[in-house]
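1. Here's my sequence, what's the structure:
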Amino acid sequence: MKLLTITVPCYNSENYMKKCVDSLLEGGENVEILIVDDGSSDKTAQIADEYAEKFPTIVRAIHQENGGHGEAVNTGLRNATGIFFKVVDSDDWVNKEAYLKILSTLEHLLGGDKSLDMLISNFVYEKQGASRKKVMQYRRCFPVEEMFGWEQIRHMPKGKYLLMHSMIYRTRLLKDCGLKLPKHTFYVDNLFAFEPLPFVKNMYYLDVNFYRYFIGREDQSVHESVMIKRIDQQLRVNRLMVEAYTRYDLRQKEINKYMISYLDIITTVSSMMLIRSGTEDAMKKKKELWEFIRCEDRRLYRKLRYGLLGRAVNLPGKGGRKMSVAVYKVCQKFYGFN
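-> Numbering: from 1, shown residues only. Presented below is the predicted three-dimensional model:
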């Protein structure tokens, strides 16, 4: 059994996947790399097979009909034999020194009294053309290099939520909680970083800059113009996250607070993309989203709607929408997102 399974979802990734896979090979025999070719029409499948042939004890190439990023992650999870599970997108890569420290830490923690559910590390926004790289680190939020639970988490500002890039789960936990991401849907990484959380009890934070998150391709799903075109998929994920939250009786204050804060960010992004679209249909969809939340959970609705961000994206009239956009642009510069 391998220590860590890393799934690499690939769709027409021939131009950049080698950099990703080469960085992952530094983990050696402790790692299982599953390259999931999601019905690519370029040389992705051929490149995946070449890696599997050259590194047969480390790399497996899996080919499937196109199902989208979420289905590629599902396929990776179904085929995973590692004790822990990580997703690395094919246009991203990892830092060698941080990678080796993570592997040695995972191995060390296997012999402990408590079973590790999630390891957290930093990621770096590799934004094309940026002179400074923004690091998402959590040293003021979590205890460093020690096992901890939700009750030991300190205050997490709005810009400090966990993304898929910063998370390694225990594989059995993901399978036991029944995680299954929707097919043909973008932005499912938010579901991956959200749905399993009620099952997570024991966490460990390594303050290392492990994951390098590339931002800059015009066709990238997080590019604002692309998000506006794909707003229905963002709204679907937003609703699925609300439904996931309402499934659990989250009596522990800290996890409940964190999951509401995460929903606050996602719902703000959805609302802002609809405002930026500016069409009558978009305004209708925005109203429907907030009504959906109200019907699902009135308490959650009140928390989101009457919080600072909820008020900011629901200012009345054209003037209010202009003010919302102005605030959004300030946040863009402050947090460095697209």
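
2. Centroid-nearest residue for the protein?
-> M164 (2.9 Å; Cα atoms, centre = their mean).

3. which residue sits closest to that one in space, ignoring its chain neighbours?
-> Of all residues not flanking M164 in the chain, D189 sits nearest, at 4.1 Å (Cβ to Cβ, 6 or more residues apart in numbering). For glycine as for every other residue, the C-beta is placed from the backbone atoms N, C-alpha and C.

4. Settle this for me: the residue nearest to the centre of the chain is touching V87, isn't it.
-> Yes. Between M164 and V87 there is a contact at 5.7 Å, judged by Cβ atoms under 8 Å.

5. shared neighbours, the two?
-> Common contact partners of M164 and V87 (Cβ atoms under 8 Å, 6 or more residues apart in numbering): 189, 192.

6. Report how many residues lie close to the residue nearest to M241 when sequence neighbours are not counted.
-> Excluding its sequence neighbours, the residue lying closest to M241 (Cβ to Cβ, 6+ apart) is F194, at 5.4 Å. The number of residues packed near F194 is 22, by other Cβ atoms under 10 Å.

7. Which residue ranges of the stretch 101-250 of the chain form strands?
-> Residue ranges of the strands in the stretch 101-250 of the chain, as given by DSSP state E, counting those that start in this stretch, are 118-127, 134-136, 147-148, 167-170, 203-215.

8. Could I get the full set of helices for the stretch 201-338 of the chain?
-> With DSSP state H, counting those that start in this stretch, the ranges of helices along the stretch 201-338 of the chain come out as 224-229, 231-247, 253-277, 280-296, 298-305, 308-312, 317-335.

9. Ok, which of those comes nearest A98?
-> helix 317-335 (22.4 Å; Cβ to Cβ).

10. How about residues contacting stretch 58-66?
-> Under Cβ under 8 Å, 6+ apart, the answer for stretch 58-66 is 11, 21, 25, 28-29, 31-39, 45, 48-49, 51-52, 71-72, 75-76, 79, 184.

11. how about a cut-off of 6 Å?
-> Under the contact criterion Cβ atoms under 6 Å, 6 or more residues apart in numbering, stretch 58-66 has outside partners 33-39, 45, 48-49, 51-52, 75.

12. farthest pair in the residues you listed?
-> The span of these, defined through Cβ to Cβ, is set by I33 and G39 at 19.5 Å.

13. Between those two, point out the one with more neighbours.
-> I33 (26 against 17).
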